[in-house]
Every structure is written in structure tokens, then in C-alpha cells.
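Participant: all I have is the shape, not the residue letters:
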């Protein structure tokens, strides 16, 4: 599914991307489906390229720019916040460890629906979520499968944090910042992808951009050519390192995230990474998730779908709705989007952070919401750790001492959380070099 080397997947997924973004392609659905069934690769690619000429409906109510000048120009209105630098080491460790633990808690049930996750948790006597999930065999009725990583990401199956792209990208972007500084370019990011990240360990939009780059393309074409996944969650999961090195400065974090995201994403895909980076950066300067959320929203173009979604999630919290009601609304209003889209998963992150009082409550909401559970839980864990510090992460979730992370990024496999924290703090303590 969603294979960037399969013309059938690309054609079907591109039609879906356009249909969810206001383009007039609905009358083409029978032709697209028939072409995919017929299976002629050349014809499917011809139709795929023809879809690039589709026109957006004039009644489309959103304003979703992707150009550098418009997006970055709007960040001038988002100012920095004061940070307690004496608290940074503890909060930075909370962010890195929270990301690693949160990611692992969500891995086994990645891709399941909300109902399927809850069915599994109840069968495993893990409702509400209290720790790493046990591996059930056989699976309970109604749960068709677990994620392929489940045998190495469930209770008792690991000592080192299991490898995952949600952590790989954080590590790789820390390396980008170490090597190139704050003035890194999108070409610099691409160079490090090709040099340090195996193609087979990338997915959807990142894999499409990687394929395009190997063919000789550069950003922003890498993000748009035969890439139906350009508004999915892939860029959002790459954001955290930019927030880590810009504590208290959401605009600066968002600018760095934009430079990274434009390699593979447009519109809400871009905004998702900018928002997540700003969220993390702001988290180091507040003790309130609500304040963190409201500040980070300032980097998202106000006329976009992402801004609309985040506004109504925040409004529901303010009006006293419970978390299940908020998740119900996500299912109803955003359920038609792919399970790895930016919009529905960003909404889940927002609900988990706003309603979850403790680390496990917040992660529990992200996991039980279904969809891209490892990604949402990683971001939730990172933000929660940055706000509340290392002590907020329950000791029984820390797999070993020292905590080591398995990684596909060259030269970083089994790096310790403590080393990552130390390297990140060095970038905060001095200006990032040019």
C-alpha cells in the first residue's frame, strides 16, 4: 500500500489527495479505478500526470499557500518567550525521552482504527493505558493485525528503544544542525538524507522525495512530482529537533522546520512540521499546555484547514467537552482523510495534550485515538516532557539505563538519550554556526 514505485498506488492516492483538497476530480473516479484494475503502468502514469492539470473548485474556502515569502513573512508577528535556562537540561531530557517512550508505546497498534485499538487494549487488560502493550496471540476478534514491529516493541521484547522513523528523523535533523548550523538549506537536508538514511527506511512523502532526488530533481519539485503524500504527516514527525534547539522561539523553530519540510511537503504538510516545531519550542518556555498550544497556532496560516482544525479542538476544550467527544468529532469531520494525514493526526495530538493531565493519560489518548499512533504519541511525549521535565515520565517506562536508541541513521545506532541531550544543549548554549 502507498508504494511510491507502484503506478497504481500513486494514481489512486493522487486522486484521493486532490479530491480531499477541493479539486474537481470526482468525475474522474471511475476512469482512475478502471485504469488501476487494468494495471497498465504506462497508462496509469499518463493519467497520474494528467491529474496535475486539475483545477480547484472556485468555492474552495481555504487559503493554503506553499511559497516561502508568504509563509515565512507571516512569522514576523510571532515573538520569542523567556526561558529558564537552568531548567533546560531536565526539560530537554524529558523531551528526548518522552519522544522515545511515547513512540514505542504507540508502535504495536500503528494503523489500527480507534475501535480496533480499544478492542486490543481491553483484551490485553491495558485499558486505560498503563504501560507497554503485551503481545497477544491469538489476536482478539475485531483486530485484524498488529503493526509488523509489534514483536519487538511490546512488553518485555526490548531493552534498547526500537528503531522507528519518528525517532530517526529527529536524530538526523540534529545532525543537520550540528553540521550546517541555523543557515542550513533544503539541499543540505537532501544531502544528509541520501548520505545517512536508507531509502527503504523512508515512507510515503519522504520516499517519493527521495526517489525524485535520485532522479535529479531539487526542492520544491521533489515535493510535488508524483507525490500524493505531500500533505501527510511525514514532515510533522521531523520537526522536534528544530524546536529543541530554539527553546522559547517558536518562529525560529518554524523557519527551520519549513526549510526541512519543503523537500517533501506542501500546504498542510508544511504547516504540520512548522506547528510541531513551534509547539516543542514553546513547551520549553511554559508550564501550561494551553499556553503552548495557543502560541504555536500563531505559525500556522490562519486560512488553512490545519488552523481551522486546531481552533475547533481548542474551543472544545475551553467549552468543557471531554476527550471522547473531541475524538468523536475527529472521526466524523476528518475520518475521510487517510490515516496518516496531517490534519486528523495533528488534531489527535492537540486533544491528547489538552486533555491528558499526566504523561500516560496524554499518551493513552493518542494511542486509543488510532491512526498513526506511534507518530502522534512521539510528538505528545516530546511536548509533555519539554513542559513538565524528565520526572514526568514514569520510571517503569524507562527501558534501561542508559537508555539507548536503535537507529537507521548512519553512525547513530544505539546512541544514548543522554548523548542526544548533551549534543542538543551544546547547540542551544552557543549560536548555531553558519
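Facilitator: Sure thing, it's come through. This structure is a prediction, so every number in the text was calculated from the model and none was measured. Numbering: from 1, shown residues only.

Participant: can you count the residues close to residue 145?
Facilitator: 11 (other C-beta atoms under 10 Å). Quick note: C-beta positions are derived from backbone N, CA and C, even for glycine.

Participant: what's the pLDDT at residue 1?
Facilitator: pLDDT, residue 1: 76.

Participant: wait, what's in contact with it?
Facilitator: residue 9 (C-beta atoms under 8 Å, 6 or more residues apart in numbering).

Participant: how many neighbours does residue 333 have?
Facilitator: 15.

Participant: again, but for residue 129
Facilitator: The number of residues near residue 129, taken as other C-beta under 10 Å, comes to 21.

Participant: residue 72 too?
Facilitator: 16.

Participant: need the nearest residue in space to it, chain neighbours excluded.
Facilitator: Excluding the flanking residues, the one nearest residue 72 by C-beta to C-beta, 6 or more residues apart in numbering is residue 255, at 6.0 Å.

Participant: biggest helix in this protein, by residue count?
Facilitator: Scanning the chain for the longest helix, with DSSP state H as the assignment, gives helix 88-106.

Participant: list the buried residues of the helix or strand just after it.
Facilitator: Downstream of helix 88-106, the first helix or strand assigned by DSSP states H and E is helix 114-123. The neighbour-count check on helix 114-123 (16 or more other C-beta atoms under 10 Å) flags 114, 116, 117, 118, 119, 120, 121, 123 as buried.

Participant: just stretch 144-151 next, same as before
Facilitator: Neighbour count says stretch 144-151 has 146, 147, 149, 150 buried, by 16+ other C-beta under 10 Å.

Participant: now stretch 42-55
Facilitator: 44, 47, 48, 51, 54.

Participant: same thing with stretch 101-111?
Facilitator: 101, 102, 103, 104, 105, 106, 107, 108, 109, 110, 111.

Participant: thought the second one was touching residue 381?
Facilitator: Yes: under the criterion of C-beta atoms under 8 Å, residue 102 is in contact with residue 381, at a separation of 2.5 Å.

Participant: identify the contacts common to those two.
Facilitator: By C-beta under 8 Å, 6+ apart, the residues touching both residue 102 and residue 381 are residue 363.

Participant: need the max-distance pair from the buried residues of stretch 42-55.
Facilitator: 44 and 54 (16.0 Å; C-beta to C-beta).

Participant: quick one, domains of this protein?
Facilitator: 7-53, 68-108+161-429 (automatic domain parsing).

Participant: want to throw the ones you listed into a markdown table with mean pLDDT and distance to residue 155?
Facilitator: Shown next, in a markdown table, are the domains of the chain (pLDDT from 0 to 100; distance: least, C-beta to C-beta, whole Å):
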| stretch | mean pLDDT | distance to residue 155 |
| --- | --- | --- |
| domain 7-53 | 96 | 34 |
| domain 68-108+161-429 | 97 | 9 |
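
Participant: which one of the ones you listed is the most hemmed in?
Facilitator: Mean neighbours per residue, mean count of other C-beta atoms under 10 Å, is largest over these for domain 68-108+161-429, with a mean of 22.

Participant: first-to-last residue distance for that one?
Facilitator: The stretch domain 68-108+161-429 measures 29 Å between its terminal residues, going by C-alpha to C-alpha, to the nearest Å.

Participant: likewise stretch 274-292?
Facilitator: End-to-end for stretch 274-292, by C-alpha to C-alpha: 14 Å.

Participant: could you pull out the strands for the protein?
Facilitator: 404-405, 415-416 (DSSP state E).

Participant: I'd like these laid out as a markdown table, including distance to residue 394.
Facilitator: Below are the strands of the chain laid out as a markdown table (distance: least, C-beta to C-beta, whole Å):
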| stretch | distance to residue 394 |
| --- | --- |
| strand 404-405 | 19 |
| strand 415-416 | 20 |
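
Participant: grab the most central residue of this structure for me.
Facilitator: The residue lying closest to the centre of the chain (C-alpha atoms, centre = their mean) is residue 237, at 2.9 Å.

Participant: looks like that residue contacts residue 168 (just checking).
Facilitator: No: with contact defined as C-beta under 8 Å, residue 237 does not count as touching residue 168 (9.4 Å).

Participant: now the residue nearest to the centre of the chain: how far from residue 103?
Facilitator: For residue 237, the distance to residue 103 equals 9 Å [C-beta to C-beta, to the nearest Å].

Participant: ditto for residue 245
Facilitator: Applying C-beta to C-beta, the value for residue 245 to residue 103 is 20 Å.

Participant: again with residue 134
Facilitator: 18 Å.

Participant: for residue 390, same thing?
Facilitator: Residue 390 is 17 Å from residue 103, by C-beta to C-beta.

Participant: same question for residue 336.
Facilitator: 27 Å.

Participant: and the buried residues of stretch 144-151, which two are furthest apart?
Facilitator: The widest separation within the buried residues of stretch 144-151 (C-beta to C-beta) is 8.4 Å, between 146 and 149.

Participant: okay, and the common contacts of those two?
Facilitator: residue 108.

Participant: picking up where we left off before, overlap in contacts, residue 237 and residue 103.
Facilitator: 166, 375, 378.

Participant: tell me how many other residues surround residue 61.
Facilitator: With other C-beta under 10 Å as criterion, residue 61 counts 9.

Participant: same list (the buried residues of helix 114-123) but as JSON lines, adding distance to residue 315 and pLDDT.
Facilitator: Formatted as JSON lines, the buried residues of helix 114-123 follow (distance: C-beta to C-beta, whole Å; pLDDT from 0 to 100):
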{"residue": "114", "distance to residue 315": "21", "pLDDT": "98"}
{"residue": "116", "distance to residue 315": "29", "pLDDT": "98"}
{"residue": "117", "distance to residue 315": "26", "pLDDT": "98"}
{"residue": "118", "distance to residue 315": "26", "pLDDT": "98"}
{"residue": "119", "distance to residue 315": "30", "pLDDT": "98"}
{"residue": "120", "distance to residue 315": "31", "pLDDT": "98"}
{"residue": "121", "distance to residue 315": "29", "pLDDT": "98"}
{"residue": "123", "distance to residue 315": "35", "pLDDT": "98"}
